[in-house]
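Participant: Here is my input; please provide its structure:
(one chain, ligands or ions: 1)
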Amino acid sequence: MRISDTSDLWWKTAVVYCLDVETFMDWNGDGVGDLQGLAQRMDYLADLGVTCLWLMPFYPTQERDDGYDITDFYGVDPRLGTHGDLVEAIRTAKDRGMRVIADLVVNHTSDKHPWFRSACASRTSPYRDYYVWRDEPPAEETAPTFPDQESSVWRYDDKAGQYYLHRFYRQQPDLNVANPAVRDEVAKVMGFWLELGLSGFRVDAVPFFLETLGVDGGEASLADPHQYLRALRSFLGRRVGDGVLLGEVNLPPEEQLTFFGGIDGDELTMQFDFIAMQQMYLSLARHDARPLASALLGRPPTSPDCQWATFARNHDELTLDKLSEDERQEVFAAFGPEPEMQVYGRGLTRRLPPMLQGDPRRIRMVYSLLFSLPGTPVLFYGEEIGMGENLAAEGRLAVRTPMQWTAAKNGGFSTAAPSRLTAPVVEGGFAPEHVNVDAQRRDPDSLLHFMMLLIRRYRDSPELGWGRFEVLEQPHDAVLAHSCTWDDACLIAVHNLGAEPRSVPLGGLDASATLVDLLCHGATAVGQDGSVEIVLEGYGFRWLRVTRPGDRRLL
Ligand code: GLC
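Facilitator: Numbers count the residues shown, from 1 in each chain. You can find the predicted model right below:
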C-alpha cells in the first residue's frame with residue numbers, strides 16, 4: 001500500500017480517547033472540570049499514546065442529560081471555560097500530534113433552547129417548524145429510549161397547544177431535520193466548530209434523526225433519508241478534507257452497512273461496533289470465545305475507507321439490547337446481578353474492572369483483546385488505570401465520576417470541598433487511594449504501563465486497522481486465535497477467555513517464519529510442517545508478529 005493511498009485516512013489506525021471536560025480536571029478549583037485542566041493534562045494523554053480526543057458535549061446545557069441537552073449549539077458551557085480556552089486546548093492537542101473531535105448532537109435541543117421557547121410561544125414563530133408537532137399522538141408509538149423515565153415519545157406543551165416529539169427525555173425535543181432551515185443550521189454548527197480546529201464529530205443518535213426525516217412526511221427530495229447523511233459527509237469533506245464522522249448507530253450489521261453508505265462508503269466514516277461489544281461480554285461471561293468470533297465474522301464488508309470503532313466501555317449504560325433475553329440474563333448474572341447495577345432493563349452501569357472482581361489477568365486480557373481486534377480502539381477516560389464505578393450515582397452517572405489523578409482529596413481532580421464536586425468520586429476498593437495515575441505512572445507493572453505498551457504495539461501494527469481479519473482454527477472454545485494481514489504484514493493474536501491454561505496448535509503457517517512476541521520477550525519458530533504450539537496461561541494472551549528472513553520491520 002502506498003502512502004498516497006493511506007495518509008489521509010488517519011482514523012483507520014487512530015487511538016481514540018473519550019472524556020468529559022466536566023469530570024476530567026478542575027483547574028480553577030470550583031469543583032467542575034474545565035478546559036484549562038484538560039490543556040494541563042494534554043501531555044499525559046500524548047504520553048499514553050492517544051491520537052484522537054473525543055470531547056463529550058461542552059456546550060451550554062440544562063444538565064438534564066449530562067450535557068446532551070444543549071441550549072446553544074455555538075456556545076461553550078461557562079463552567080468549563082470560554083471559546084478561547086477551547087481553542088487553546090485544541091491547539092495544545094494538535095501540537096502533540098492529537099486530533100480533537102466532539103459530540104455533534106443534532107437529533108434534539110434542550111427544551112430551554114431559544115428555538116424551542118420561540119416555537120412554543122407561537123404557531124407562527126419561524127422556529128415552530130424546527131420541531132415535530134402533532135395535535136394527537138399517533139395510535140402506534142415508538143418506544144421511548146429511557147423507559148424508566150418516559151412513558152411516551154410525545155408530550156403535550158400547554159403553551160404550544162400541541163404535542164412535540166422527543167425520543168429521549170421530555171426536556172429534549174427532537175429537531176425536525178426535514179425542515180431545510182434546520183439542515184442549514186446543522187451545517188453552520190458543523191462549519192463553526194471545524195473552523196475552530198475540530199477534525200470531525202462523534203455523531204449522536206444517528207438513526208433517530210434520520211428517522212425524523214420520515215416522521216412527518218419530510219420533503220420529496222429526502223425520500224431517502226440517507227441522502228441527508230451523504231450531504232453531511234460531503235459538506236464535512238469540503239470543509240476539512242480528512243474530517244471524520246464517527247456515528248452512534250446501535251443496529252444490526254446489515255443496517256449499519258447502510259449508514260456507511262453501503263460499499264460506496266460515502267456516509268459515516270466510522271461506526272461503533274455495538275454488536276461485537278455485546279457479544280464480547282457474552283463471551284467473557286461464558287468463557288467461550290465463539291460469540292465474539294461470530295460477531296466479528298458477521299461484519300458486513302465495507303469500503304476500505306470506512307472503519308469500525310471497537311470499545312469495551314463507553315459513557316452510557318453497557319447496553320446488552322442486541323442479545324437475546326436469555327443471553328442478557330447470563331451477562332447480568334455474571335457481571336451485574338444486583339438491581340442497582342442494571343438500568344433500562346437492558347444495560348449495566350458498571351465499569352469493567354469491578355465486573356471482573358478486579359482480577360488483573362482478566363482485565364489485561366480484555367484490553368489486549370480489544371486492541372488486537374480489527375478496527376480502531378476507543379477508550380473511555382479512566383479505563384487506562386482501571387477505574388471502577390460509583391453505584392450511588394444515579395444510572396449512567398455511575399461511570400461518569402471524576403478522573404483519579406492522585407491518592408489525595410478528590411483523587412486530585414479538584415481542590416474544592418468534596419460537597420461541591422460536579423460528580424461524586426468512586427469509593428471503596430477502586431477509590432483514588434487504590435487506583436490513580438500518579439501511583440501507576442511510577443509502577444512499571446501497573447495497568448497504565450501495560451495499556452501504554454498495548455497502544456504502542458497497536459500503533460506499530462497498521463495491519464490491525466487495515467488488514468484482512470481471519471479466525472484461525474484451533475481446538476479450544478475458550479480461545480480466540482485470529483490474524484490480521486495487510487500487504488506482507490501479519491499479526492496473530494491468541495487470547496484465552498478461560499481460567500484453565502491451554503496449549504493452542506496453529507497450522508498452515510509459512511515454515512520459514514518466526515512468530516515474535518510483541519508484548520513480552522519471546523519468539524517461536526514455525527515447524528517444518530507449518531505449525532506451532534502456543535502456550536497460554538489461564539486468561540493468557542500473546543501478540544505474535546509473523547516475521548520472515550530479511551524482514552526490515554522494527555520489533
Ligand atoms: C446518545 C448519548 C447519550 C445521550 C443520548 C441523547 O445516546 O450517548 O448519552 O443520552 O444520545 O443525546
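Participant: contacts and neighbour counts: CA atoms only from here.
Facilitator: Will do.
Participant: what number of residues lie near the residue in the stretch 251-400 of the chain that the ligand sits nearest to?
Facilitator: With CA to the nearest ligand atom, the shortest gap between the stretch 251-400 of the chain and the ligand falls at residue 316, namely 5.4 Å. Taking other CA atoms under 10 Å as the criterion, the count of residues near residue 316 is 16.
Participant: How about the residues of the stretch 51-200 of the chain by the ligand?
Facilitator: 65, 68, 168 (CA under 6 Å from any ligand atom).
Participant: Now the phi/psi pair for the last one, please.
Facilitator: Okay, so that is residue 168. phi -100, psi -140 (degrees, to the nearest 10).
Participant: For residue 29, see how far away it is.
Facilitator: 33 Å (CA to CA, to the nearest Å).
Participant: wait, what's in contact with residue 510?
Facilitator: Listed by CA atoms under 8 Å, 6 or more residues apart in numbering, the contact set of residue 510 reads 526, 530.
Participant: what about stretch 273-281, near the ligand?
Facilitator: No: against the ligand, stretch 273-281 shows no contacts by CA under 6 Å from any ligand atom, the least distance being 12.1 Å.
Participant: Show the average pLDDT along that stretch.
Facilitator: The average pLDDT for stretch 273-281 rounds to 98.
Participant: Between the residues of the stretch 51-200 of the chain next to the ligand, which sits nearest the ligand?
Facilitator: The ligand lies nearest to residue 68 out of those, by CA to the nearest ligand atom, at 4.6 Å.
Participant: which SSE is that closest one in?
Facilitator: Using DSSP states H and E, residue 68 is not contained in any helix or strand.
Participant: Tell me the secondary structure at residue 483.
Facilitator: Here residue 483 is recorded as strand under DSSP: H, G, I helix; E, B strand; the rest coil.
Participant: cool, the one 10 residues further on as well?
Facilitator: Each residue gets one of three states, and residue 493 gets strand by three-state DSSP.
Participant: That one contacts residue 546, correct?
Facilitator: No: the pair residue 493 / residue 546 is not scored as a contact, 10.6 Å apart, by CA atoms under 8 Å.
Participant: Could you check which of these two is surrounded by more residues?
Facilitator: Legend: neighbour count by other CA under 10 Å for residue 493 and residue 546, higher for residue 546 (25 against 22).
Participant: I figured residue 156 was touching residue 164, is that so?
Facilitator: Yes: using CA under 8 Å, residue 156 is in contact with residue 164, at 6.5 Å.
Participant: Neighbour count for the two, which is higher?
Facilitator: Set side by side, residue 156 and residue 164 show more neighbours around residue 164, with 25 against 17, by other CA under 10 Å.
Participant: Could you point out the bridge partners of that one in the sheet?
Facilitator: residue 133, residue 155 (DSSP bridges).
Participant: Same question for the one 10 residues further on.
Facilitator: With beta bridges defined as DSSP bridges, residue 174 has these partners: residue 108.
Participant: correct me, but it touches residue 131?
Facilitator: Yes: counting by CA under 8 Å, residue 131 is a contact partner of residue 174 at 6.0 Å.
Participant: intersection of neighbour lists for the two?
Facilitator: Common neighbours of residue 174 and residue 131, using CA under 8 Å, 6+ apart, are 164-165.
Participant: So which of the two has more stuff around it?
Facilitator: Legend: neighbour count by other CA under 10 Å for residue 174 and residue 131, higher for residue 174 (28 against 24).
Participant: any idea how far residue 100 lies from the ligand?
Facilitator: Residue 100 is 18 Å from the ligand, where distance means CA to the nearest ligand atom, to the nearest Å.
Participant: Assign that residue to one of the three secondary structure states.
Facilitator: strand.
Participant: What's the local residue count around it?
Facilitator: By other CA under 10 Å, 22 other residues sit near residue 100.
Participant: neighbour-wise, which of residue 168 and residue 29 wins?
Facilitator: More neighbours surround residue 168 than the other of residue 168 and residue 29, with 25 against 17 (other CA under 10 Å).
Participant: residues in contact with that one?
Facilitator: By CA under 8 Å, 6+ apart, the residues touching residue 168 are 144-146, 153.
Participant: Show me the one in the residues you listed that has more neighbours than the rest.
Facilitator: Most surrounded of the contacts of residue 168: other CA under 10 Å gives residue 153, at 23 neighbours.
Participant: interface residues of the protein facing the ligand?
Facilitator: 65, 68, 168, 204-205, 316.
Participant: Switch those residues over to JSON lines; also include pLDDT.
Facilitator: Shown next, in JSON lines, are those (pLDDT from 0 to 100):
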{"residue": "65", "pLDDT": "96"}
{"residue": "68", "pLDDT": "98"}
{"residue": "168", "pLDDT": "97"}
{"residue": "204", "pLDDT": "97"}
{"residue": "205", "pLDDT": "96"}
{"residue": "316", "pLDDT": "98"}
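Participant: what helix or strand is residue 327 on?
Facilitator: helix 325-335.
Participant: After that helix, which helix or strand is next?
Facilitator: Following helix 325-335 in sequence, per DSSP H and E, is strand 342-343.
Participant: List the contacts of that following strand.
Facilitator: With contact meaning CA under 8 Å, 6+ apart, strand 342-343 is reached by 317, 332, 336, 348-349, 395-396.
Participant: So which of the residues you listed belong to strands?
Facilitator: Within the contacts of strand 342-343, residues falling in strands by DSSP state E are residue 348.
Participant: And the contacts of strand 342-343, which is closest to residue 480?
Facilitator: The closest of those to residue 480 turns out to be residue 332 (CA to CA; 22.8 Å).
Participant: which residues touch the closest one?
Facilitator: Residues near residue 332 by CA under 8 Å, 6+ apart: 342, 348.
Participant: Can you name the element that comes right after the helix or strand of the chain with the lowest mean pLDDT?
Facilitator: Across the helices and strands of the chain, mean confidence by mean pLDDT, DSSP states H and E is lowest for helix 3-6: a mean of 61. On the C-terminal side of helix 3-6, the nearest following helix or strand under DSSP H and E is strand 16-19.
Participant: elements contacting the following helix or strand past that next one?
Facilitator: Going down the chain from strand 16-19, the next helix or strand is helix 21-24, by DSSP H and E. Counting contacts by 3 or more CA pairs under 8 Å, 6 or more residues apart in numbering; DSSP states H and E, helix 21-24 packs against helix 35-40.
Participant: quick one: low-confidence ranges for the stretch 201-350 of the chain?
Facilitator: 214-223 (pLDDT under 70).
Participant: please redo it, this time with the cut-off set to 80
Facilitator: Within the stretch 201-350 of the chain, the segments meeting pLDDT under 80 span 213-223.
Participant: mind listing the helices for it?
Facilitator: With DSSP state H, counting those that start in this stretch as the criterion, the stretch 201-350 of the chain has helices at 206-215, 226-239, 253-259, 274-286, 290-297, 325-335.
Participant: buried residues in the strand or helix carrying residue 45?
Facilitator: According to DSSP H and E, residue 45 maps onto helix 42-48. By neighbour count on 16 or more other CA atoms under 10 Å, the buried set for helix 42-48 is 42, 45-46, 48.
Participant: The very next helix or strand once past it - which strands sit beside it in the sheet, and in what orientation?
Facilitator: Next along the chain after helix 42-48, taking DSSP H and E as the criterion, comes strand 52-55. Sheet pairing of strand 52-55 (DSSP bridges) gives strand 16-19 (parallel), strand 99-104 (parallel).
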